[in-house]
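>>> sequence-free structure coming up:
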């Protein structure tokens, strides 16, 4: 089982937990627990592929698909409370909207690192919510 124990991971867990608290009651009903688990599992399944695709597109250098994919991943990250990942995607999207593609090397490294951190937080909370369901 993957745990989130580093300070930055604990902050990520807190961010995701805060977002989930906006969606469900303090003592979630079975239906709310099912919703939360579906959101967490969906993000964990889709975010790595979305991040890899965005990095690939950064290397290709065409702003239009970069903007589209950055926007999509930003929305998924924001929806789950992965604020660091959403912020990176927002910067990439803004640059692409202006017709520029950010440097794929450093941007890709930051994107992958933040995606990995968000996934650790999501997985830790998935385990927590599974125990209460």
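Thanks, I have the structure now. Being a predicted model, the structure only gives us computed values, none of them experimental.
>>> please count neighbours and contacts with C-alpha atoms only from this point.
OK.
>>> what's next to stretch 101-115, contact-wise?
Applying Cα atoms under 8 Å, 6 or more residues apart in numbering, the set of residues contacting stretch 101-115 from outside is 47-48, 51-52, 55, 58-59, 61-63, 66, 84-85, 88-89, 92, 95-96.
>>> again with stretch 82-97
Applying Cα under 8 Å, 6+ apart, the set of residues contacting stretch 82-97 from outside is 12, 15-16, 63-64, 66-68, 70-71, 73-78, 101-102, 110-111, 114-115, 118.
>>> look at the residue nearest to residue 61 when sequence neighbours are not counted and tell me its secondary structure.
Distances taken as Cα to Cα, 6 or more residues apart in numbering place residue 101 nearest to residue 61, at 5.9 Å, with adjacent residues excluded. What DSSP: H, G, I helix; E, B strand; the rest coil gives for residue 101 is coil.
>>> before we move on, what about residue 26?
In three-state terms, and counting by three-state DSSP, residue 26 is coil.
>>> next, count neighbours for the residue nearest to residue 61.
Using other Cα atoms under 10 Å, residue 101 is surrounded by 23 other residues.
>>> follow-up on the earlier one: of the contacts of stretch 82-97, select the buried ones using a PyMOL command.
Remark: buried members of the contacts of stretch 82-97, expressed as a PyMOL selection using 16 or more other Cα atoms under 10 Å:
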select buried, resi 12+15+16+63+64+66+67+70+71+73+74+75+76+77+78+101+102+111+114+115+118
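>>> in strands, which of the contacts of stretch 82-97 appear?
Within these, no residue falls in strands by DSSP state E.
>>> among the contacts of stretch 82-97, which are located in helices?
Residues of the contacts of stretch 82-97 located in helices (DSSP state H): 12, 15-16, 63-64, 66-68, 70-71, 73-78, 110-111, 114-115, 118.
>>> residues contacting the spatially most central residue of the chain?
Nearest to the geometric centre of the chain sits residue 77, at 3.4 Å (Cα atoms, centre = their mean). Residue 77 is in contact with 43, 83, 85, 86, counting by Cα under 8 Å, 6+ apart.
>>> if we go to 6 Å?
Shown in contact with residue 77 (Cα atoms under 6 Å, 6 or more residues apart in numbering): residue 86.
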